[in-house]
Each structure stands twice: as structure tokens, then as C-alpha cells.
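[1] Need a 3D model of the following:
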Amino acid sequence: MLGLAFIFVFLIYLLISIGVIAYTVRKAKERGIAGWKWGVPVTLVMYLIVFWDHIPTLIAHKYYCEKEAEFFVYKTLDQWKQENPGVAETLVANRVAPSERQGSYENYVDTYFLNQRFNWVVKHNGKFLFNRWRHEQEVVDSKTNEVLARYVDFSTAQIEAGGGWYGWKFWLHIPRCNGGSVNQDNLRNFKNELRGVEK
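    All right, here's what the predicted structure looks like:
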């Protein structure tokens, strides 16, 4: 039902825009001016009233994806085992990882306790300039607070909430960077290697 309301509102806005542009072109011609000289600026204004942040959002998303989005392993499981001999064999995975949340509904840090030594930390921050949201996940040694692996990604949306509503400017929604799902899978696989024995 909400979708139909949006379509209806956009159709009305489109009709109003066409009417305003046609009126402007006609007035320009009545004054002996080429219609496009007034029609193009008015068309641009009518477009920007609604879509002013579309292109900046695309540019910002591309920039941050290229600059910061990544999956990076700072220390492999084998390296960690060498530094902590015999510890990996004692790790017991929490069947359902208990967790704690810090922050608000949209800006939060969730910490999942994978076992007695490792935590999986999920961070969600935004809204930054031009509808940008930052997503970060880390695997952390809870004893030393050392980050073993990190995944960073970005999405864009007018509003981003747990319920999945992205605001009425649906064209702004880009769920992740190119390669983001692969990076997230890499982090998940890395995390699973550290869970320990399930009992």
C-alpha cells in the first residue's frame, strides 16, 4: 500500500513538473526567446528538488568503497597458535554466542562472545554525509584486545534501520560495495575457524 502511495505522489510530481516546464517554455516563446533557454534550467530545478543528493551519494559511496572497504587478516590462526601454544585446543564454542549491545538503534557495537578467547565485534555507524553508513566487523582476541581480522563495507540509504526501511528515496539504497559480500564471507569463514570445539 505504501508503495502505491509513493507511485501516486511521484506521478503527481511528474505531471506538475511537465506542466511547469511546458508553461515556462511557452512563456519563453511568447517573449521571442528559444524555449530551451528557459526550459532546461526549469527542468534542472524540478529534478534537483527531489534528486539533489543522488549523484553526490553515488560519488561518496564509490570513494569510500575504494578507499576503505576491505577484508584484511592481521594475524592468521597459525600465527596466533604459535604465539599461544596449546590454547586453541582448549577453546569451546558457545552454542549460541551470547552478546551485548552498546549504542543506539542505528549506531551500535554488538559483541558476540564466540568462546572463552575470541569475540566477534559488529559495528554499524551513520548516517554520514550523503547518506553513507559504515559497517565493520572484527575478530578480536578478548585477552589482548588484538584485532586478528577486519571487514569494512559501506552502504547508502536515506534511512537505515533494523526493520529494513530505507526511506522514501529508495533510489539512494546501495546495500554494499562491490566485493562486499565476498569480504563478509571471508570474515565469517575466518571467524568460524576460531570458534573451537562445539560441545
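[2] Break the protein into its domains for me.
    2-51, 54-198 (automatic domain parsing).
[3] Please tabulate these in JSON lines and include mean pLDDT and mean neighbour count as additional columns.
    All C-beta atoms are positioned from the backbone trio N, CA, C, and that covers glycine. Below are those laid out as JSON lines (pLDDT from 0 to 100; neighbours: other CB atoms under 10 Å):
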{"stretch": "domain 2-51", "mean pLDDT": "88", "mean neighbour count": "13"}
{"stretch": "domain 54-198", "mean pLDDT": "89", "mean neighbour count": "16"}
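[4] Next, the distance between the ends of stretch 189-197.
    End-to-end distance of stretch 189-197: 15 Å, with CA to CA, to the nearest Å as the criterion.
[5] can you list contacts of it?
    73, 77, 88, 90-93, 114-115, 117-118, 120, 139, 148-149 (CB atoms under 8 Å, 6 or more residues apart in numbering).
[6] can you rerun that using 6 Å?
    77, 91-93, 114-115, 118, 120, 139, 149 (CB atoms under 6 Å, 6 or more residues apart in numbering).
[7] same thing with stretch 145-164?
    With CB under 6 Å, 6+ apart as the contact definition, stretch 145-164 has outside contacts at 57, 61, 64-65, 68-75, 131-140, 166-167, 169, 172-177, 180, 183-184, 187, 190.
[8] Next step: the residues you listed restricted to strands.
    Judged by DSSP state E, the subset of the contacts of stretch 145-164 located in strands is 70-73, 132-140.
[9] so the residue nearest to the spatial centre of the chain, which of the three states?
    The centre of the chain sits closest to Ser155, judged by CA atoms, centre = their mean, with a distance of 2.0 Å. Here Ser155 takes the strand state, with states given by DSSP: H, G, I helix; E, B strand; the rest coil.
[10] How about it: what's its closest non-neighbour residue?
    Closest residue in space to Ser155, ignoring its immediate chain neighbours: Trp133 at 4.9 Å, by CB to CB, 6 or more residues apart in numbering.
[11] Gly126 is in contact with that neighbour, correct?
    Yes - the pair Trp133 and Gly126 passes the contact test of CB atoms under 6 Å, sitting 3.4 Å apart.
[12] quick one: common contacting residues for those two?
    With CB under 6 Å, 6+ apart, Trp133 and Gly126 have no common neighbours.
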